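> sequence and predicted structure below; questions after.
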Amino acid sequence: MLTQDEAFRKFKSRLELNDRERQNASKRHTEVREHIRSRFSIDRDFLTGSYARYTKTKPLKDIDIFFVLAESERKKYRDKVPSVVLDDFYNALVDKYGKSAVRKQGRSVNVDFGVVVDAEDNTDYRVVSVDVVPAFVDGDNYEIPNSDTGKWMKTNPNIHAQEARDAHQAYSNEWKGLVRMVKYWNNNAKHGADKPVKPSFLIEVMALQCLHGGWQGRFDYELQAFFAALADRVQDEWPDPAGLGSPISESMDGQRKARAKELLQAASREASNAIHLARKGQNGEALKAWRLLFGPKFPLS
C-alpha cells in the first residue's frame, strides 16, 4: 500500500502534463493560431494563463492563447466597445469549428473540441478546450476586452508568470504542485457545475500569500493549512498581482464567497480527518479520505 507521501507524489505527477497531452495541446493551439492569423492582422501570439505558468490542472481545459493585434487593427477595434472584437473573433472561430463548439465569454472566446471527460477525469490525453484572447499593446503591458464592464482592461501575463516562478522557487519547488491540487479539488464533481472558487486563477493569486513560511516537507499538513488559510481569506478583495486590471475576486459576490468559505472550511476539516486516520495507523482509510476530498486522480494504490 502507498504511504501518504507516496500517494501525494503520485497525485502530483498525475496532475502534471505528459508528453502525449502536450503534443495534443500543441496541435490544437497551433491550429487555432493559424486560423486566427488568417483572419486578423496579428503582431504576435503566445500561450499564457495557467497552462503557460504550469499551474493548469486536469482535465486539461481552457488553454489561453493571447493574440496581440497589429497596430493596423487598432482603429477598427480599440476605439470601440470590447464586444466588437470579441464578436469578430467569435464569428471567425464559428466558421471553422461551428456554432455549437464556440462560446463568447467576458474577456475571451472559448473553443470546445468535443472531448468527453470520463469518470476518472481522463480525456484520452486530449485537450478539452482553448480560450482565445484578443489584445493590444499598451506600453510594457497589454489591454484586453472586458465585455462584462464594457471597457478595455490592462493586464500583463508576464508579471503573473514571474510571480508564480518566484513563489515556486521560494517554496522549494512545491508551490505549483500544491496549487494544482487545490485547483483539482475546485473542479471536483461533488461541487456540481458551480465551482467553489471562480475564477480558478483566484486560487493561484491567493496562494501567493496563503502559502507562506516555506515548504515543511509534508503534503498533508501543507494542504490542510492551505485550505484553512483560503477559507479565512476568500471573502477578502484580491487585486490583480500585476496591479493593472480589476480585482481577480470581482466575479464572486457575497453569496458565492460565503459558499466558498463553507466548502473550504469543510475541506480543511476533511484534511484534518485524513491526517488523524493516518496517525491512528489506518493508512488505507486515510487514502480513501483524501480521494473523497480531491477526486478520482488521487491514488489508492
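Now that the structure is in, tell me what you want to look at.
> from here on, contacts and neighbour counts on C-alpha atoms
Noted.
> please, where are all the strands along this protein?
When assigned using DSSP state E, the strands of the chain occupy the ranges 42-48, 63-69, 102-104, 109-112, 129-138, 141-146, 151-155.
> for the third one, the distance to its chain's centre please.
What that stands for is strand 102-104. On the basis of CA atoms, centre = their mean, to the nearest Å, strand 102-104 sits 18 Å off its chain's mean C-alpha point.
> mind listing what it pairs with, with the direction of each?
According to DSSP bridges, strand 102-104 has the following sheet partners: strand 109-112 (antiparallel).
> let me see the mean pLDDT of the partner strand.
When pLDDT is averaged over strand 109-112, the result is 98.
> again, but for stretch 152-169
When pLDDT is averaged along stretch 152-169, the result is 94.
> mind checking which of the strands of the chain is nearest A170?
strand 42-48 (21.9 Å; CA to CA).
> list the buried ones in that closest one?
By neighbour count on 16 or more other CA atoms under 10 Å, the buried set for strand 42-48 is 42, 45, 47-48.
> likewise for stretch 284-298?
284, 286-298.
> swap in stretch 92-99?
Applying 16+ other CA under 10 Å to stretch 92-99 flags 92-94 as buried.
> from those residues, which is closest to F136?
The shortest approach to F136 among these belongs to A92, at 18.4 Å (CA to CA).
> report the separation between the closest one and G284.
According to CA to CA, to the nearest Å, A92 stands 52 Å off from G284.
> cool, D194 as well?
For D194, the distance to G284 equals 30 Å [CA to CA].
> re earlier: as CSV, the buried residues of strand 42-48 with pLDDT and distance to D118 would be great.
What follows is the buried residues of strand 42-48, written out as CSV (pLDDT from 0 to 100; distance: CA to CA, whole Å):
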residue, pLDDT, distance to D118
I42, 98, 37
D45, 96, 32
L47, 95, 26
T48, 93, 27
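> for this protein, name the helix or strand with the lowest mean pLDDT.
Sorting the helices and strands of the chain by mean pLDDT, DSSP states H and E puts helix 49-53 at the bottom, at a mean of 91.
> so where's this protein uncertain?
Judged by pLDDT under 70, the chain has its weakly predicted residues at 189.
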